[in-house]
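turn this into a structure:
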Amino acid sequence: MAAAICYVPANLLPVLTTTTLGSAESDTIMGGVVFLYTSGSWPLALVVLIASVMVPLGKLVALGYLLITVQRGSIAGNRERTRLYRLVELVGRWSMLDVFVDTFTVALVQLQPLMSVEPGAGVVFFAAVVVLTMIAATTFDPRLIWDAGADTDTEAVHG
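Okay, here's the model as predicted:
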């Protein structure tokens, strides 16, 4: 839930503020995607859109789905849900890449007083989404997916 809450400001608040010759411009993730697309870098815009918007949202939806199905004791699609869990865990390892790119950009572009780049509050929330979803995936016990089916089989035998 905390990651889902942090997802909103991560996408609404600026992630980078660029200052060029005294004029400052703040960009959100989607603002960056639009800028890249309109400047002709649509492949890079697509990569940023997928990596920074769609993947975190997909992880949140997948983790929510796994949690709800485990809580309800669903026995359908155990293999698919296990694969989904493994995918979320695998993707989680690479999710901090966006934060590292922003960090390197801030560190490299310091040509004051001509130009500078500073991180925005959106980066903090984005990093929180990444870390919280990684913790959620790590602490989720995938055996719970299969335990619901074992409980149903036990009830059928003893019932």
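
which residues are contacting the helix or strand where Leu63 lies?
Assigned by DSSP states H and E, Leu63 belongs to helix 55-72. For helix 55-72, contacts defined as CB atoms under 8 Å, 6 or more residues apart in numbering pick out 3-4, 7, 10, 81, 84-85, 87-88, 91-92, 95, 126, 129-130, 133, 136-137, 140, 144-145, 148. All C-beta spots, glycine's among them, are computed from the backbone N, C-alpha and C.

out of these, which are inside strands?
The strands in this structure, assigned by DSSP state E, contain none of the contacts of helix 55-72.

what subset of those residues is buried?
Buried members of these, scored by 16 or more other CB atoms under 10 Å, are 3-4, 7, 10, 81, 84-85, 88, 91-92, 95, 126, 129-130, 133, 136-137, 140, 144-145, 148.

give me the most central residue, the protein.
Pro56 (2.3 Å; CA atoms, centre = their mean).

how much space between that one and Tyr85?
Note on Pro56: its distance to Tyr85, by CB to CB, to the nearest Å, is 17 Å.

does Cys6 really touch Leu132, like I thought?
Yes - applying CB atoms under 8 Å, one finds Cys6 in contact with Leu132, separated by 6.7 Å.

show me the contacts for Thr17.
Ala24, Glu25, Ser26, Asp27, Val117, Glu118, Pro119, Gly120.

show me where the chain has helices.
With DSSP state H as the criterion, the chain has helices at 2-12, 29-38, 42-49, 55-72, 78-92, 97-108, 121-139, 143-158.

next one: Val61 relative to Ser23, how far apart?
Taking CB to CB, one finds Val61 at 39 Å from Ser23.

which of these two has more residues huddled nearby?
Val61 (13 against 7; other CB atoms under 10 Å).

I'd like the mean pLDDT over stretch 81-88, please.
Regarding stretch 81-88, the rounded mean pLDDT is 91.

and what of stretch 116-134?
88.

report the buried residues of it.
In stretch 116-134, counting by 16+ other CB under 10 Å, buried: 117, 119-120, 122-123, 125-134.

contacts for it?
2-3, 6-7, 9-19, 26-29, 52, 56, 59-60, 63, 88, 92-93, 95-96, 98-99, 102-103, 105-106, 109-110.
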